[in-house]
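A.B. asks: Give me a 3D structure for the following:
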Amino acid sequence: MLLVNLRHGVSEAVLVIQDLKPESCDQRTLEDALQEIDHLYSLDSVVFDEKKRMLRLAYDALRICIECGEKILTRHSISISQGWWNRFKKDHYRFVDQNIKDNATKEPWSCH
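C.D. replies: Numbers count the residues shown, from 1 in each chain. Alright, predicted model coming up:
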């Protein structure tokens, strides 16, 4: 069994890792946005890969969703790339987040 050190408020069972590609912006603005995102309750980590220009968010999908990070980026005037792949991924991430929330409220059942 692998033990993972998660931040307070993050459950390993509903931990999701999502990648977003922000549009170009100045470094200081991006750092400010990342710092604000990093303070979200139930966020495990936020990392920006300079080489790939990719933002990776790991969070508890029962408590927050991908849109929480997007709202902060928008407040800092940072937009997410609108390429077809990024739009597809964002839609998929929203589906996964909602699916986790929906399944958490349902009673498990079995036909056996």
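
A.B. asks: residue boundaries of the helices in the protein?
C.D. replies: Assigned by DSSP state H, the helices in the chain fall at 27-38, 66-75, 84-104.

A.B. asks: Output the ones you listed as JSON lines; include the columns mean neighbour count and distance to residue 9.
C.D. replies: Heads up, the C-betas are built off the backbone N, CA and C, glycines and all. Compiled in JSON lines, those are given as follows (neighbours: other Cβ atoms under 10 Å; distance: least, Cβ to Cβ, whole Å):
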{"stretch": "helix 27-38", "mean neighbour count": "15", "distance to residue 9": "13"}
{"stretch": "helix 66-75", "mean neighbour count": "17", "distance to residue 9": "13"}
{"stretch": "helix 84-104", "mean neighbour count": "13", "distance to residue 9": "15"}
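
A.B. asks: do you know which of those helices lies nearest residue 11?
C.D. replies: Closest to residue 11 of the helices of the chain, according to Cβ to Cβ: helix 84-104, at 10.0 Å.

A.B. asks: Run through who's touching the closest one.
C.D. replies: Judged by Cβ atoms under 8 Å, 6 or more residues apart in numbering, the contacts made with helix 84-104 from elsewhere in the structure are 14, 16, 18-21, 61-62, 65-67, 70, 80.

A.B. asks: Any idea how far it is from the middle of the chain?
C.D. replies: Offset of helix 84-104 from its chain centre (Cα atoms, centre = their mean, to the nearest Å): 10 Å.
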